[in-house]
Structure formats: structure tokens, C-alpha cells
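> next one to model:
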Amino acid sequence: MKKKLLICLAMLVCILGLTACGQEMTENSFIDKDSAKQSAEMTCEQIANLQQMLDAYGVGMAEYVEMSGGNPEDAALDIAAMDSWNAASEEFGSFVSILSDETEVTITEDKADVKVKIQGDKVYKGNKQRTATVEIVITEKGYDSISVSADYDMSELMTKAALNTLLGMGTVFAVLVLISLLISCFNFIPKIQEKFRKKPAQTESAPAAAKTVQPTVVVEEDTDDTELIAVIAAAIAASEGAASADGYVVRSIIRR
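Next comes the predicted model:
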């Protein structure tokens with residue numbers, strides 16, 4: 001428990017040191033490039049040390065501020081700086097050193113923009129180590145922002161630009177093809193409408209066809225009556241003992 005308390009106190013000292021750098025720069029009016037460079041590089045080392053401590057105990061900056069009883073709103077700059085460092089560390093790895101010769105300082109009337117180049121331990125392209133740039137903006141009130149971004153060489157930037165271009169153009173062409181397919185489907189709409197219009201006409205012609213079948217039924221009934229008449233005449237002739245039914249005429253048939 002005492003060991004954890006000592007570590008927390010050490011982390012708190014680091015945070016207070018970072019804030020103190022901002023106050024010192026305010027008192028020195030931010031005009032001297034050397035003092036701005038020194039303070040920014042010292043802040044980068046403090047952030048790196050603090051990050052190692054946080055990683056060792058598996059806590060984040062915001063969680064640590066709450067554990068130490070601090071106000072997250074007051075430590076918003078520190079939390080944002082640590083989040084940006086963590087995101088960039090996935091590309092450059094762990095902090096190794098500060099490339100002081102490559103630090104750039106730009107002083108204006110109301111702020112100082114310091115870009116500190118740091119060396120990471122992550123290797124890419126066989127034998128190169130990734131670097132990152134920590135940009136610190138200092139105003140009369142202290143540190144205004146701290147952001148960290150990994151550095152990429154020209155070939156990596158060109159590759160990413162080419163991939164972004166292909167992705168954008170591919171998306172545009174895909175949308176254009178989809179639109180052309182939708183427009184081509186408009187040619188089939190009139191044909192589909194004509195098919196739906198023809199169906200009622202066919203249903204109306206069906207009753208007319210049924211009516212034309214009625215005369216055929218009448219003819220069949222006449223044929224059946226003729227055969228019946230012949231049968232009746234033959235039966236009467238047979239009952240009278242006549243040789244044929246030529247002399248008999250059936251006038252009418254009454255069905256019951």
C-alpha cells in the first residue's frame with residue numbers, strides 16, 4: 001500500500017511539474033526560443049515518464065485523476081495530452097529519446113508553437129525506427145494544447161494518398177454504375193404497365209366466348225330428338241307388325 005502511495009505521489013509531482021512549466025513560461029513572456037524549447041522538451045520527458053508509470057499499473061490518466069481526488073475538468077489538458085500520446089505510441093512504440101536538434105520553435109505575438117521530435121523504439125521497413133512529433137502551443141496563460149502524431153516518410157505518405165484516392169474514385173464509380181443500372185430499369189416500366197392493362201381485357205372477352213357455345217348445345221339436342229323419334233317410330237311399327245316405320249310420323253314428343 002505504501003509503495004502504491006509513493007508511486008501516486010511521484011505521478012502527482014510529474015503533473016505539477018508540467019503545470020509549473022506553463023507558469024514559468026508565462027512569467028518569461030514566451031519570447032525566448034531557447035526557454036520555450038527547453039520547457040517543451042522537459043514536458044515531453046515528463047509525459048513519457050508518467051505514461052510508463054500509468055502503463056505499469058494499468059490505469060488511465062482520467063482514472064488516476066479521479067483516484068487522486070482531482071477534478072477531471074481542471075486536468076483536461078493533461079488527460080488530452082496523455083490520450084494523444086497513447087494513440088501515437090501505437091505507431092512509434094515506446095519513448096527512447098528526444099531529437100533536440102530537430103526541435104522547431106515558432107514565436108508570434110500571442111503564442112509560441114514548439115514541435116519536439118522524439119525517437120520511438122518501433123522498427124519499420126527492416127531497420128528504421130519510427131519517430132513522432134509533439135506539438136505544444138504555449139500562450140500567455142500557459143499551455144494551450146499538446147498533441148502527438150507519428151511521423152511517416154514520403155513513400156508511406158504516397159501509398160496512403162494512393163489508397164485514399166483509389167477508395168474515393170472506386171466509391172464514385174460504384175455509385176455511378178448503380179445509378180446507370182437504375183436508369184436502365186426505367187425502360188421496363190412501360191412494358192410492365194402494359195401487361196397489367198391487358199389482363200382486364202382478357203377477362204371481359206371470356207363471357208362472350210361462353211355465349212357462342214350455346215348454339216352448339218341446341219344442335220346437339222336436335223340430333224338427340226331425331227334419334228329418339230326414329231327409335232319410337234320403329235317401336236310402334238314393330239308393335240303393329242309392320243315391316244318398316246316409313247308410314248309412321250311422330251308429330252311431337254312430350255317429356256314428363
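
> if you count neighbours, what's buried in the longest strand belonging to the chain?
Ranked by residue count under DSSP state E, the longest strand found in the chain is strand 111-124. Going by neighbour count (16 or more other CB atoms under 10 Å), the buried part of strand 111-124 is 112-120, 122. Where C-beta positions appear, they are placed from N, C-alpha and C, glycine not excepted.

> for the residues you listed, which one is nearest residue 182?
Relative to residue 182, the closest of the buried residues of strand 111-124 is residue 122; by CB to CB it sits at 47.9 Å.

> right, and the closest one touches residue 92 too?
Yes: contact criterion CB atoms under 8 Å: residue 122 and residue 92 qualify, at 5.5 Å.

> joint contacts of these two?
Common neighbours of residue 122 and residue 92, counting by CB atoms under 8 Å, 6 or more residues apart in numbering, are residue 130.

> and the strands in the stretch 101-250 of the chain?
For the stretch 101-250 of the chain, the strands defined by DSSP state E, counting those that start in this stretch occupy 104-107, 111-124, 128-139, 142-150.

> quick one: the helices in the stretch 151-256 of the chain?
Ranges of helices in the stretch 151-256 of the chain, per DSSP state H, counting those that start in this stretch, are 154-184, 188-211, 214-240.

> tilt between the longest one and strand 142-150?
Helix 154-184 runs at 80 degrees relative to strand 142-150, counting by axes from the mean of the first three to the mean of the last three CA atoms, to 10 degrees.

> what angle do helix 154-184 and strand 111-124 make?
Angle of helix 154-184 versus strand 111-124, following the same axes, to 10 degrees, is 90 degrees.

> which strands and helices lie in contact with helix 154-184?
Contact partners of helix 154-184 among helices and strands, from 3 or more CB pairs under 8 Å, 6 or more residues apart in numbering; DSSP states H and E: none.

> now it: mean pLDDT?
Summarised as a single mean, pLDDT over helix 154-184 is 91.

> and what of the last one?
Throughout helix 214-240, pLDDT has a mean value of 63.

> let me see the domain layout of this protein.
2-151, 159-199, 213-256 (automatic domain parsing).

> check which element follows the lowest-mean-pLDDT helix or strand in the chain along the chain.
Within the chain, no helix or strand scores below helix 2-27, which has a mean of 47 by mean pLDDT, DSSP states H and E. Next helix or strand after helix 2-27 toward the C-terminus (DSSP states H and E): helix 33-57.

> deepest-packed of the domains of the chain, please.
domain 2-151 (a mean of 16; mean count of other CB atoms under 10 Å).

> ok so, going back, the longest strand of the chain - which strands sit beside it in the sheet, and in what orientation?
strand 95-98 (antiparallel), strand 104-107 (antiparallel), strand 128-139 (antiparallel) (DSSP bridges).

> save those as a markdown table, and put in distance to residue 170 and mean pLDDT too.
Converted to a markdown table, the strands paired with strand 111-124 look like this (distance: least, CB to CB, whole Å; pLDDT from 0 to 100):
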| stretch | distance to residue 170 | mean pLDDT |
| --- | --- | --- |
| strand 95-98 | 39 | 92 |
| strand 104-107 | 38 | 90 |
| strand 128-139 | 29 | 91 |
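
> could I get the pLDDT score of residue 103?
Per-residue confidence (pLDDT) for residue 103: 92.

> shouldn't it be in contact with residue 133?
No: with contact defined as CB under 8 Å, residue 103 does not count as touching residue 133 (9.7 Å).
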